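[1] turn this into a model:
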Amino acid sequence: MITIAVAAILMAIAVPSFMNLRISNGLTTQANELITAVSIARSEAIKRNRSVRFCRTTSSTATQCAGNSGAWTDWAVLTNTTAGGTDVIRRGTVSDFGGRFTTTSDLSSDEMLIRGDGLTYDGDNLIQDRYIQVQSNTGPSENTRCINLGAGSRISIARQSGDCS
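    Modelled structure (predicted):
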């Protein structure tokens, strides 16, 4: 009976900690995947010496940016073709971790332009102090990963409680 009581106490302590660890790792993984996507877009812009767009899309097969702000479920790296169309360079999905995560940004229309020189723009302005936010509605106190898009097109991740703004 004592063994069962000790096991129950240990389980009561271990299970919440394990869930918090799992959520924290999921937040970090999703943030890293988005940083990789931005890096791919930057690499393609420099390689092609042409502007590319990294943006939120409305589906996993979309060939255009969403055109407005909202929760990120899918993303794409796009460039304009010489014929006036759009070429999809890469696509990806943003995991919501079973409905626990929400990904948003403060970019205009959830879109950034990366020019052939590798610098990122939000509309016509060089990006400075913008973010993409991956947030959990449960889990540890530091339930947000802020992908900070800074001056000179620097990217970093910050762990924090609450919104990135």
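[2] the residue nearest the centre of the chain in helix, strand or coil?
    Closest residue to the average C-alpha location of the chain: Leu34 at 4.0 Å, with Cα atoms, centre = their mean. Here Leu34 takes the helix state, with states given by DSSP: H, G, I helix; E, B strand; the rest coil.
[3] swap in Asn148?
    Looking at Asn148 with three-state DSSP, the answer is strand.
[4] I figured it hits Ser156, correct?
    Yes - counting by Cβ atoms under 8 Å, Asn148 touches Ser156, with 4.9 Å between them. Just so you know, the C-beta spots here come from the backbone N, C-alpha and C atoms, and that holds for glycine as well.
[5] neighbour-wise, which of these two wins?
    Asn148 (15 against 11; other Cβ atoms under 10 Å).
[6] pLDDT score assigned to the more buried one?
    With respect to pLDDT, Asn148 scores 95.
[7] that one: what's it in contact with?
    By Cβ atoms under 8 Å, 6 or more residues apart in numbering, the contact list for Asn148 reads 129-131, 154-158, 164.
[8] wait, the residue nearest to the centre of the chain touches Val94, no?
    Yes - if you go by Cβ under 8 Å, Leu34 and Val94 touch, sitting 7.3 Å apart.
[9] how close does Arg24 get to Ala45?
    Actually, residue 24 is Ser. It isn't Arg. Distance of Ser24 to Ala45, computed by Cβ to Cβ, to the nearest Å: 32 Å.
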